[in-house]
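Asks: model this:
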Amino acid sequence: MGHQLGLVWVVPFALLLLSIAVLPLLIPHWWESNFNKGIISAVFGLPVSFYIFGLDGSRLIETAIEYAAFITLLAALFIISGGIYLRGSLPGTPFTNTVVLAIGAIFSNFIGTTGASMLLIRPILRANERRQHQVHIVIFFIFTVSNIGGMLTPLGDPPLFLGFLRGVPFEWTIRLLPHWLLMITLLLIIFYVWDRRWFAAERAIHQGAATKEYGVQEKLSVEGKINFLLLLGVLTVAFVVGRFGDQIGLQSEYARRGGQVMGMGILAGLSLVMTRRDTRAANGFTLYPIVEVAVIFAGIFATMIPALAILEARAGELGLTHPWQFFWVTGFLSSFLDNAPTYLTFVSMASGLMGTDATRLGQLLQAITGGMHGETLLTAISVGAVSMGANTYIGNGPNFMVKAIAEEAGIKMPSFFGYMKYTISILLPLFLLVTLVFFRP
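Replies: Modelled structure (predicted):
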């Protein structure tokens, strides 16, 4: 199909991204409605869907099932983590904020970037609700917790989980620890210096009141502890259905996705039933953020079908032969396309270059051809897909959810392009350093 489609079919995807970036600035009140966001998604997504259905109906069905599994996972983690309330207060100081980001980066590897983001974003927002400058806290939270943090296990981010399902050993991702340490350490240092600067400025304005006010800490306690077990249940469903689908009677990909949707849906329902209403109310929990993500990403999943199909058909024409090229191209496309299929596209291409089976990625780890090491290519693709999802609001599902929750809390977040100013000034130099250290041309 990718050879039949002209580049004109990428235009709806580009226009949808442009709408997400521009409409909140031109008509902010109109854009606040999730129904209106759904209209925009439908305007661009439905024509593409009808055309793709005429060319290859199975491709549209596969994308719809993938979207259902994607949004069910996000919704389950959102609903369950929304039932966990950290009662008491954290001091909204630079040191505490930095520690929370570090803990979140670690948690992301065990409960996924979405789970860690939904678990910690509300506590860190409450800790800093009296601060005047909070945007940078949310931005760095997206960088560290919602993206780069989930690099060390297949449970951390969808591309790594897909690699595990295709034969990459579960423990292999631990080899990405040097890349993780370099990026997370530098981001935490930059954040601490940045946050300390704003904190000092606010303290000077309030003549020392900030230190006293933010230093007050009530005794911490956790409500809704049953939801920790339900979070573990979500991860168990994802692992068991993906890894042992054949053994439990889910032979087809459709059956596995259906089993995942059903299992996670049940767990989310249990959370709603078993969590006290006042716990969710204290958390400021509403369904608005997940509904916003659902309607926006419905359009994104539909309009990105031609872009991915063209990429799959013509990836070989890109002439990629070096790890740094795989790192940057995979990462750049993961910033705007779903990083899971982008990852699969380029590991398939790497397998073709190395003469190995794309369905058995474990072979890539031992392959050496013409001076190229398959494991280095897989490393570059993995790091690029996971880390560069932080480049835009749509690069990874949790990004948009964190943004929505922050805005619901009254924080005026940057626009689509405004957010990219942070990524260009902070992440771009960081990724250049990663290239020089690990993927030197």
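Asks: in the chain, which spans are strands?
Replies: 85-87, 221-223, 368-369, 372-373 (DSSP state E).
Asks: mind checking pLDDT for residue 303?
Replies: Looking at residue 303, its pLDDT is 90.
Asks: Can you tell me how far the nearest residue to it once chain neighbours are set aside is from residue 333?
Replies: Using Cβ to Cβ, 6 or more residues apart in numbering and skipping residues adjacent in sequence, the residue nearest residue 303 is residue 13, 3.9 Å away. In this view, the C-beta of every residue, glycine as well, is placed from N, C-alpha and C. For residue 13, the distance to residue 333 equals 12 Å [Cβ to Cβ, to the nearest Å].
Asks: go on, residue 266?
Replies: Distance from residue 266 to residue 333, by Cβ to Cβ: 34 Å.
Asks: With neighbour numbers in mind, choose between those two.
Replies: Applying other Cβ atoms under 10 Å to residue 266 and residue 333 shows that residue 333 carries more neighbours, namely 23 against 14.
Asks: Assess the claim that that one and residue 311 are in contact.
Replies: Yes. The criterion here is Cβ atoms under 8 Å, and residue 333 meets it with residue 311 at 7.0 Å.
Asks: Mind listing the shared neighbours of these two?
Replies: Counting by Cβ atoms under 8 Å, 6 or more residues apart in numbering, the shared contacts of residue 333 and residue 311 are residue 342.
Asks: Output the below-cut-off pLDDT ranges for this protein.
Replies: Within the chain, the stretches with pLDDT under 70 are 165, 205-218, 242, 315-316, 338, 357-359, 370.
Asks: Residue 54: how many residues sit nearby?
Replies: With other Cβ under 10 Å as criterion, residue 54 counts 9.
Asks: Return the distance of it relative to residue 42.
Replies: Relative to residue 42, residue 54 is positioned 18 Å away (Cβ to Cβ).
Asks: what's the answer for residue 288, then?
Replies: 19 Å.
Asks: hang on, the earlier thing: which of the strands of the chain sits most buried?
Replies: Scoring the strands of the chain by mean neighbour count under mean count of other Cβ atoms under 10 Å gives strand 85-87 as the most buried, with a mean of 19.
Asks: what packs against that one?
Replies: Judged by 3 or more Cβ pairs under 8 Å, 6 or more residues apart in numbering; DSSP states H and E, the packing partners of strand 85-87 are helix 94-127, strand 221-223, helix 277-282.
Asks: Centre of the chain to it, how far?
Replies: Computed by Cα atoms, centre = their mean, to the nearest Å, the chain-centroid distance of strand 85-87 equals 24 Å.
Asks: ok, back up a step: columns distance to residue 391 on top of the helices and strands packed on strand 85-87, output as JSON lines?
Replies: Shown next, in JSON lines, are the helices and strands packed on strand 85-87 (distance: least, Cβ to Cβ, whole Å):
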{"stretch": "helix 94-127", "distance to residue 391": "14"}
{"stretch": "strand 221-223", "distance to residue 391": "34"}
{"stretch": "helix 277-282", "distance to residue 391": "32"}
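Asks: Of all these, which one comes closest to residue 181?
Replies: helix 94-127 (10.2 Å; Cβ to Cβ).
Asks: What residues of the closest one count as buried?
Replies: 94, 96-98, 100-102, 104-105, 107-127 (16 or more other Cβ atoms under 10 Å).
Asks: go on, stretch 307-321?
Replies: Buried-residue list, stretch 307-321, by 16+ other Cβ under 10 Å: 307-312, 315, 320.
Asks: Tell me which residues are up against it.
Replies: Against stretch 307-321 from outside (Cβ under 8 Å, 6+ apart): 1-3, 5, 7, 9-10, 13, 59, 326, 329, 333, 337-338, 341-342, 345-346, 348-349, 352-353, 372.
Asks: Could you do stretch 395-403 as well?
Replies: Stretch 395-403 is contacted from outside by 70, 74, 78, 113-114, 117-118, 121, 138, 141-142, 145-147, 157, 289-290, 292-293, 296-297, 334-336, 339, 388-390, 392-394, 413, 419, using Cβ under 8 Å, 6+ apart.
Asks: Just the buried residues of the residues you listed.
Replies: For those, buried by 16+ other Cβ under 10 Å: 70, 74, 78, 113-114, 117-118, 121, 138, 141-142, 145-147, 157, 289-290, 292-293, 296-297, 334-336, 339, 388-390, 392-394, 413, 419.
Asks: quick one: terminal-to-terminal distance for stretch 78-94?
Replies: End-to-end distance for stretch 78-94: 27 Å, by Cα to Cα, to the nearest Å.
Asks: circling back: rebuild the buried residues of stretch 307-321 as CSV, extending it with distance to residue 243.
Replies: Shown next, in CSV, are these (distance: Cβ to Cβ, whole Å):
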residue, distance to residue 243
307, 30
308, 25
309, 28
310, 32
311, 28
312, 25
315, 27
320, 30
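Asks: Mind picking the two most distant members of these?
Replies: Pairwise distances across the buried residues of stretch 307-321 (Cβ to Cβ) peak at 18.5 Å, for the pair 309 and 320.
Asks: How much space separates residue 383 from residue 295?
Replies: 31 Å.
Asks: err, residue 427, not the other one
Replies: 27 Å.
Asks: who's more crowded, those two?
Replies: Using other Cβ under 10 Å, the more surrounded residue of residue 427 and residue 295 is residue 427, with 22 against 19.
Asks: quick one: contacts for the more buried one?
Replies: Counting by Cβ under 8 Å, 6+ apart, residue 427 has contacts 143, 388, 390-391.
Asks: from the residues you listed, which is closest to residue 254?
Replies: residue 388 (30.3 Å).
Asks: any idea how far the closest one is from residue 131?
Replies: Per Cβ to Cβ, residue 388 is found 29 Å from residue 131.
Asks: cool, and residue 302?
Replies: Residue 302 is 39 Å from residue 131, by Cβ to Cβ.
Asks: all helices for the stretch 251-400 of the chain, in order.
Replies: 253-274, 277-282, 288-314, 323-334, 339-354, 362-366, 374-387, 397-408 (DSSP state H, counting those that start in this stretch).
Asks: Before I go, just wanted to say thanks for your time.
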